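Visitor: I'd like to go over a predicted model; first the sequence, then the structure.
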Amino acid sequence: MNVIRENIYIEGYPYGKILREFQNGLGAEKYLTTHHERDKETGLDYRGARYYDADVARFLSLDPHASNYVNWSPYAYVADNPIRNIDPTGKDVIVLSAPEGASGFGHAAVLVGNDKDGWKLYSKNGTTENGGFSGPSNVHSESGVYYESLQSFANSSANFYEETGEVKYTGAFRITSDKETDAKMRKTAAAVVKSDYNLLKSSCIDVCTKTLISGGFDGGGGNNVPNTRVKKIIKNNDGTDVSGKIVPSEEAVSFNKAEAKRKNEIEESGELNMNNVNKTTEKSVVKGTTGFNY
């Protein structure tokens with residue numbers, strides 16, 4: 001844990017214990033791990049539901065959801081893995097960006113949840129109507145698809161382009177929320193994904209914008225280009241770049257590339273077979289031996 005602000009530099013352990021600090025007469029820094037206030041008298045962090053002691057890396061009271069995690073101590077912090085996991089307030093939203101999507105204009109989606117209870121993906125992926133400009137949202141829409149962890153999402157097929165097997169999402173920006181706001185954002189995200197697709201009014205980036213607005217955050221509205229609007233979202237909201245947490249494993253990359261190659265070969269083989277069938281049918285029609293009625 002490092003905290004760097006104007007006239008303040010603090011180094012600490014992953015669990016939040018301070019190793020050394022340098023400050024310029026402004027008094028002790030209150031907001032340390034995951035932006036929670038540290039009480040100067042007790043040295044404890046208030047995390048919403050419980051108090052946390054960074055010196056021993058433990059909460060001081062039982063986890064209210066301990067019955068769901070019987071393999072972990074009810075006093076443990078983020079499953080004893082602070083390098084990979086954080087638990088700011090219990091609920092967050094992550095804006096996902098795929099800069100290479102849509103011919104370089106970009107694609108975007110949102111994950112809503114937390115490291116402990118899992119994440120739900122909301123992504124609006126287009127329409128087959130009117131040349132893809134507007135129509136029912138019927139191209140592999142993802143609404144509330146559950147993932148146990150960010151890594152399980154990173155390794156899933158949702159994080160790869162079906163045609164090539166290449167990694168889709170390379171950007172992830174995490175904004176801290178709370179339980180009530182999370183519920184509002186999930187409801188909004190599901191409604192936007194379900195609504196008709198429109199390239200200018202209701203596309204993938206509008207899932208992000210409307211979801212954030214419903215949670216009281218800046219939606220980065222204005223420009224319809226996903227890559228441009230994602231940059232505004234990052235600029236206008238307090239959050240954390242967690243792109244490193246959605247990097248898929250080498251095994252997942254190899255599998256998805258192999259799967260894409262296999263599907264492409266099947267499609268090519270099917271097209272060749274269909275061409276042969278068409279040629280055979282044409283010859284049969286000429287000879288008058290076909291069983292089809294024309």
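Guide: Good, I have the coordinates.
Visitor: drop to CA atoms for contacts and neighbour counts, all remaining ones
Guide: Fine.
Visitor: excluding its backbone neighbours, what's nearest Lys261?
Guide: Excluding the flanking residues, the one nearest Lys261 by Cα to Cα, 6 or more residues apart in numbering is Thr164, at 7.2 Å.
Visitor: and that neighbour, which of the three is it?
Guide: Assigned with DSSP: H, G, I helix; E, B strand; the rest coil, Thr164 falls in the coil class.
Visitor: likewise the one 10 residues further on?
Guide: Classification of Arg174 using three-state DSSP returns strand.
Visitor: okay, now it: neighbour count?
Guide: Neighbour count for Arg174, taken as other Cα atoms under 10 Å: 21.
Visitor: how close does it sit to Gly219?
Guide: For Arg174, the distance to Gly219 (Cα to Cα, to the nearest Å) stands at 14 Å.
Visitor: For the closest residue to Cys204 other than its chain neighbours, give its distance to Pro136.
Guide: Using Cα to Cα, 6+ apart and skipping residues adjacent in sequence, the residue nearest Cys204 is Lys124, 4.7 Å away. Going from Lys124 to Pro136 by Cα to Cα gives 11 Å.
Visitor: Kindly report the same for Thr211.
Guide: Thr211 is 20 Å from Pro136, where distance means Cα to Cα.
Visitor: Who has more neighbours out of the two?
Guide: Thr211 (29 against 15).
Visitor: quick one, what contacts that one?
Guide: Met185, Arg186, Thr188, Ala189, Gly219 (Cα atoms under 8 Å, 6 or more residues apart in numbering).
Visitor: State the pair within those that is farthest apart.
Guide: Spanning the widest gap among the contacts of Thr211 are Arg186 and Gly219, at 15.0 Å by Cα to Cα.
Visitor: In which helix or strand does Glu268 reside?
Guide: For Glu268, the host element (DSSP states H and E) is helix 250-287.
Visitor: count of residues packed around Glu41?
Guide: 6.
Visitor: Quick check: it is in a helix.
Guide: No - counting by three-state DSSP, Glu41 is not found in a helix; it is coil.
Visitor: No further queries at this time; thank you.
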